[in-house]
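> This is a predicted model, with the sequence first.
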Amino acid sequence: MNFKVNKTIVACVLLLSGMGLLSLWTQAPLTDLAGKSVTQSIFLKQVTFLGVALAVMGLVAWPHYLNYRHLSWVLYVVLLGLLALLLAKGAVVNGARCWFNLGPIKFQPAEIMKVALVLVLATVLMYGRDIQSWKGLAAPIAITALPAALIVVQPDMGTTILLIPTLFAMLFAAGARKRHLAILLLVFIAAAPVVWMKGMKEYQRDRITSFLFKPCYQQLQSVKACSAGAFAGRGVGESGTATTFHIPERHTDFVYSIVAEDLGFVGSSFVLLLLTVYFATSLKIAHQSREPFGRLLVVGLTTLFATQTFINLGMTLGVAPITGLTLPFVSYGGSSLLMSAMSAGLILNVAARWQPSFSSRDMADGSVEIRDFNPGSIRY
Amino acid sequence: MERSRVMVLLVSILLPIGGLEARLVHLQLLTTTETTYDLANRRQSIEIQRPARGTILDCLGREIAKDVPCFDCYLVLEEYEKNPGALAAVLKMSPEEFQQAVEGIYEKIERQLQSRPQNERSRLYRRERRTPYLLKKDIKDAALTIEVSPQRYPGAIVRESLMRVYPYKQVGCHLLGYLGRVTANEAKFRELLQNSYFFEGFEELIGQDGVAQLYRRGAFNEEMIGVQALEKKYDEHLRGRSGLVILEREAGTSSSRTIEIKPSEPGKSLELTIDIEVQRAVEQILAGPLHAAAVVLDPNDGSVVALASNRAYDPNDFTPPGSVAAVRSALQDNENKPLLSRAFQDHFAAGSFFKVVTSVAGLEAKVVRAEEVLPCRGKFDERKTHFNCWIWNEFRGMHNEVTLHQALEKSCNCYYYEVGRRVGIESISHWGRAMGFGSSTGLDLPGEASGRIPDNGREEDAMMLAIGQSHLMVTPLQAAVMMASIANGGNRVTPHLRRSNDKPPVPLGISAETLKEIRKGLYDVTHASGGTAHNTRLKEFKAIGKTSSAQAEKGKEPHAWFVGYAPYDAPKYVVAVFMKNAGHGGQMAAPPAAQILEVLMNPKEPRK
C-alpha cells in the first residue's frame, strides 16, 4: 500500500512533545502538602499520555481519511447531545461545567467537539455546493453555531473563540466569496453588542467580564519569568528561582514560560519555529492535496490548532487574555495531548494519500499518461 | 483557485507568529536588564492576609468578643544579624525571652529545610533569612519607636494586625471560649490542612505547590482557631477567609509595597441570645466561697439568657499572646477548675425538684389523682430504714395527710415513694428522658455533660428515683430545660446561644390537666405559708418553682437547688440555681434565684 509518512510532521510532533516533557521534568519541584515530590508522578503520567497519544496518532492515520466522513456526523450528533447533557449534569469546576467525571478520567466533550466539527464542516463543504451563494453558507454556519452556543454557556470562552476563525478559514478555502465573508465578519462584529445587551442574562455578562478582566497575577508572573530568561536562558531547571513563588498552572497552560525562562530567547524561538514548521507543512499538505475533503480537513485542523497556539502564547507573553487554552503537544494534560495527536494523525493521513498532481497541459504534451485507472484502489 | 487560497491562509498564520516572535525579542532581549535588576533588588514574598474574625454580639448588640487592631513586630534575620540593635529593650523583652524568640524563627527555617533536597538547602536558607518572621505580637508603643527610627532597629518590621479581645473579661467565659494556636493540637491541624481550612481558594492562584511552600514556611502555624465554647463551635462561621498578598520590599529599607492577589473575606458576626449584663449580674450574685451555677432560659423557645458558673477565667489570658502565668495557675487549680462550667459541663445529684417529673409520670399514668390523699408518717415503712421523709430526719415530724399540691409544696418524700412504687421506674425514667435528663440537651456548645438516669431497677430504686436521688445525675441546664416544659405548656425546648439557631419546641404530650395541677403545687412552694421557698422574695416576681436539697457526699451539706419560672401567668424566664454543698434549697438557692429575677424583671436597660 502506498503510505508515505510525512517526516516533517512526525519530527515536529516528537520534538514539541519532547520539549513538553523536558519542561515538566525541570521545573521547580512540585510537592504536595506532605512535602513529597509529585514531579515524578506527573512526569510519568505525561509519558504514558504521550505513548497513548502517539498510538492514537498512528491509528487515526491508518484507515483512509475519506472513511471518516460518515463517522463524523455520528460523532458530531453524539457530542452535541453530551454537551447539552453536560449543562444539566456536569461537574462544576471553577464555576464552569466543562467536564464529565468518569472515575479517574475527566472527560471534556468540547475538546473532541473541536475536531469533530472540523470533520463535519469538511464533509459539508467538500463539494462546494452553492458555496458562492448565501444559501450555501447557511448550513456550515448553523453547524458551527450549535456547538458554539452550547460551549459558550458552560462557559468556556476559549474553545468558543477557536471555532470562529476555523469556520472562516474553511469557508475561505472551500471557495466562498470574499465579499460574503467580509459581510459575515461585519455582521458578527455588529451583532456582538446586541447579543451582549439583549441576548444575555446579567450573570452571563458577569462571567464574561470576569473572564476578560479577572486579576492577571498569573500572567504578570509568567511575563516576568519569560523576561528573566533573556537570550540564553537561566539554564535547564532554574525556572522558578527568579520569582520567589511559582506560576499557577505552570506546567499546563503556562508551560511556555518554563521554556522561555530556562532556555531563553533561543529555546522559546526554537519552539515557536517548530510550531511554525508544523503549521506551514500542514498547509503545504493541504495545498498539494487535490481531494477537497482532505484539503478542507487539514485547513480546518491547522487553523484550529494555530489559533489555539496564538492565544496560548499570547497569554503567556502577556498580550492576550487568560483563556485556559493549552499549548498543543507541549502542555501537560492527557486530553490536550490526545486531541493534538489525533489532529496530527489526520494530517498525516491526508499527506499519505497525496496524489501526484497534473494538469491538462501535462497530458497534452505527453509527460503524463494514464495507463491504468483502478477505482478500487481508493476505498471511498 | 481554491488551492491558492490555502497559501493566503499560510500568510495569515505566519503574521501572528511574527508578532509573537517580536514580543519574544522585546521581552527577552530588549527589556531583560530591567527585569533582572528588578529581581535582584526586590525581596518578594507571598503572605497570607488574615481577615478580621467575626464579632460576637449579645442580644442587645453589645460586642462581647471582637478583633482589634494591634502592631506586631517581624524580624528579618539577615538584616538584624548584620547589625543587631537594641531591639529587645524596645520590645520590653528580657534578653533570654528575645533569644528564645529568635531561636524560634531559626527552628521554623530549619523545619522547612529538612523537607527539601540537600542541594537546595543553602539557597533556601539564604532566602528565608531575608524573609520577615513574626517575632512578637501586640508590641504596643514600641511600634512607634521602631517606625520613627527604623535604622536603629535593623531587620525589624512593624505590621498592623488584629488581636482577639474579650471586653467583658471573665463574664461569660465558659460561653465564649478563647482562641489558640492551631499547632497546639497536631492531629487536628493535619485534619484541617487536609480540608483546606486555612487556604480555601489559594490553590487556584498559587497552586498546590505554592500552598505547600506556604505550609513549609510555617505560615499556617500562626493560624488561630477557637478551642473552647462558641469560638470553637462556630469557628468556621466566625473566621472568614484568608487573602493573599505579595509583599515587595527594597533591600535595606523598610519601605514595602503590597500587591493584593486575593482579597480576604472578613468573618461573619455571631448574634447571641445571651444578655451580657444579665450574665454579669448573675455571676456577681453567685460569687462566694461555694461552687455554684445558674441558668436563665426563655421557656418559649429555649434561648439562653444567662448561663453562669461562679469559677471563671479570663479568655484574654488564654488567647495568644496572653499570659502564660495566668493560664498555668488556672489549669493547676484542681480545687476550683475554673475552665469547667458547672452549669452544663458537670452533673450533680438532683433531689426534690425531680418530683416534678415523678408527678408528670404519676398523673399521666393515672396511678394517682391530684386530689388523692396519701399518708406521710415520717417513715414510709418501718422495715425500710432509708425511706424517710426529710421532716422525720430533721424533726422526727410528719406531714400526715398530703395531696399532690401539698406534696410539692412541702416536698414530702413519703408521698412520692408511694407514687414511685405505683408508677414504676421505667415510667419515671421515660418521662425524665423526655423532659431533658440523661442526655445532652442539644445546647450549641461543645463538651456538654449528659448526666445519668437509671432506666430500670428494683422497687426501691423506683422509690429513690421518684424523689430525685438514686443514680440520677443532672446538670443545672437540664433542670432548666425540664422546668421550661412545665412553663410553656409541655414542650421540650432545645437550649441555644446563637440567635438564629432555635429548633422548634417539641410537644411531649403532657395533658393540660397534669400541667395545671403541677403548676398549682409549684405556686404553693413560693406562695403558701408551708412552701419550702415561701419565705423569700420570689413571690414578688410572681415566681413559682421547686426547691431541692440533694444528698451528696456523706458528711457534707446537701446541694441546694431552686428551679422555677416567672411570671407564672405568662412565663418569660426559667431560672435554675445550683449551690454545691450549700444546704437547704429554700434557704440557699431560692434567695439568689430571687435576686436573678430582680435583675431580669427590673433591668437597668430595657431588654428585648
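Right, received. Where do you want to start? Residues are numbered from 1 along each chain as shown, chains lettered A, B, ... in the order given.

> Tell me both backbone torsions, phi and psi, for residue B:432.
phi -60, psi -50 (degrees, to the nearest 10).

> One more: residue B:379?
Note on residue B:379: its backbone torsions stand at phi -100, psi 140 [degrees, to the nearest 10].

> And for the one 5 residues further on?
Here is the backbone geometry of residue B:384 (degrees, to the nearest 10): phi -100, psi 110.

> Next: residue B:402.
Residue torsions, per degrees, to the nearest 10, at residue B:402 are phi -130, psi 140.

> Tell me the residue of the stretch 51-200 of chain A that sits nearest chain B?
residue A:175 (4.7 Å; CB to the nearest CB). Any C-beta I mention is one placed from the backbone N, CA and C, and that applies to glycine too.

> quick one: pLDDT of that residue?
Confidence at residue A:175, expressed as pLDDT, is 85.

> sec struct for the nearest residue to residue B:312 once chain neighbours are set aside, please.
Nearest residue to residue B:312, sequence neighbours excluded (CB to CB, 6 or more residues apart in numbering or on different chains): residue B:170, at 3.9 Å. Under DSSP: H, G, I helix; E, B strand; the rest coil, the three-state class of residue B:170 is coil.

> which ones are touching residue B:170?
B:283, B:312-314 (CB atoms under 8 Å, 6 or more residues apart in numbering or on different chains).

> Show me which residues of the stretch 251-380 of chain A sit near chain B.
With CB under 8 Å from any CB of the partner chain as the criterion, the stretch 251-380 of chain A meets chain B at residues A:260, A:264-265, A:268-269, A:272, A:275-276, A:279-280, A:283-284, A:286-287, A:292, A:295, A:299, A:302-303, A:306, A:310, A:313-314, A:317, A:319.

> need the contact list for residue B:271.
Per CB under 8 Å, 6+ apart, neighbours of residue B:271: B:57, B:59, B:61, B:498-500.

> from the residues you listed, which has minimum pLDDT?
Of all the contacts of residue B:271, residue B:500 carries the smallest pLDDT score, 80.

> Run through who's touching the helix or strand hosting residue B:405.
Using DSSP states H and E, the element containing residue B:405 is helix B:404-410. Here helix B:404-410 makes contact (CB under 8 Å, 6+ apart) with B:355-356, B:359, B:363, B:368, B:370-372, B:374, B:391, B:399, B:402, B:412, B:415-416, B:517-518, B:520-522, B:524-525, B:528, B:530-532, B:546.

> Quick check: which of these are also close to chain A?
Answer for the contacts of helix B:404-410 near chain A: none qualify (CB under 8 Å from any CB).

> Filter those down to the buried ones.
B:355-356, B:359, B:363, B:368, B:370, B:374, B:391, B:399, B:402, B:412, B:415-416, B:517-518, B:520-522, B:524-525, B:528, B:531-532, B:546 (16 or more other CB atoms under 10 Å in any protein chain shown).

> In strands only, show me those residues.
Members of the buried ones among the contacts of helix B:404-410 lying in strands (criterion: DSSP state E): B:374, B:402, B:546.

> Looking at the residues you listed, which is nearest residue B:181?
residue B:546 (45.9 Å; CB to CB).

> and that closest one, what does it touch?
So residue B:546 contacts B:352-353, B:355-356, B:408, B:411, B:483, B:522, B:525, B:562-564 (CB under 8 Å, 6+ apart).
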